[in-house]
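Colleague: predicted model follows, preceded by the sequence.
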Amino acid sequence: MRRHQTAKPMRRCIACRESKPQDELMRFTVQNGGLRADGAIPAEGRGFYLCRDRDCIDAAIKRKAFNRALRRSVDADEVARVIDEAFNNN
């Protein structure tokens, strides 16, 4: 008898568009009108995932992938600040 193996949840990076296990990506959401990185407990609401790779971060900022992912306009300076803080703290 075979045991059921559970697969890790897969998510897609908004920059490189590659599907990867959820725990390899960083999640960001909009809370109270501002962008923030999710911590250990994911926040509710629309969010997006991003690789922990500087090339993906730069590509997402350049292509304004955040606006598409969040379906709203997001200030590019705020995005850069929040992402830099999130990746420097991890």
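Modeller: Okay, I see it. Residues are numbered from 1 along each chain as shown.
Colleague: determine the three-state secondary structure at A7.
Modeller: coil (DSSP: H, G, I helix; E, B strand; the rest coil).
Colleague: got the CA coordinates for the helix ranked longest in the chain in PDB?
Modeller: Among the segments of the chain that qualify as a helix by DSSP state H, the longest is helix 76-89. What follows is helix 76-89, C-alpha atoms only, in PDB (Å, rounded to 0.1, in the frame of the first residue of the first chain):
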ATOM      1  CA  ALA A  76       8.200  52.400  -7.800                       C
ATOM      2  CA  ASP A  77      10.200  54.000  -5.000                       C
ATOM      3  CA  GLU A  78       8.100  52.400  -2.400                       C
ATOM      4  CA  VAL A  79       8.400  49.000  -4.100                       C
ATOM      5  CA  ALA A  80      12.200  49.300  -4.200                       C
ATOM      6  CA  ARG A  81      12.400  50.400  -0.600                       C
ATOM      7  CA  VAL A  82      10.200  47.600   0.700                       C
ATOM      8  CA  ILE A  83      11.900  44.900  -1.300                       C
ATOM      9  CA  ASP A  84      15.400  46.000  -0.300                       C
ATOM     10  CA  GLU A  85      14.300  46.000   3.400                       C
ATOM     11  CA  ALA A  86      12.700  42.500   3.000                       C
ATOM     12  CA  PHE A  87      15.700  40.900   1.300                       C
ATOM     13  CA  ASN A  88      18.300  42.600   3.600                       C
ATOM     14  CA  ASN A  89      16.500  41.400   6.700                       C
END
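Colleague: how about that helix: buried residues?
Modeller: The neighbour-count check on helix 76-89 (16 or more other CB atoms under 10 Å) flags 79, 82-83, 86 as buried. Placement of C-beta: from N, CA and C, glycine included.
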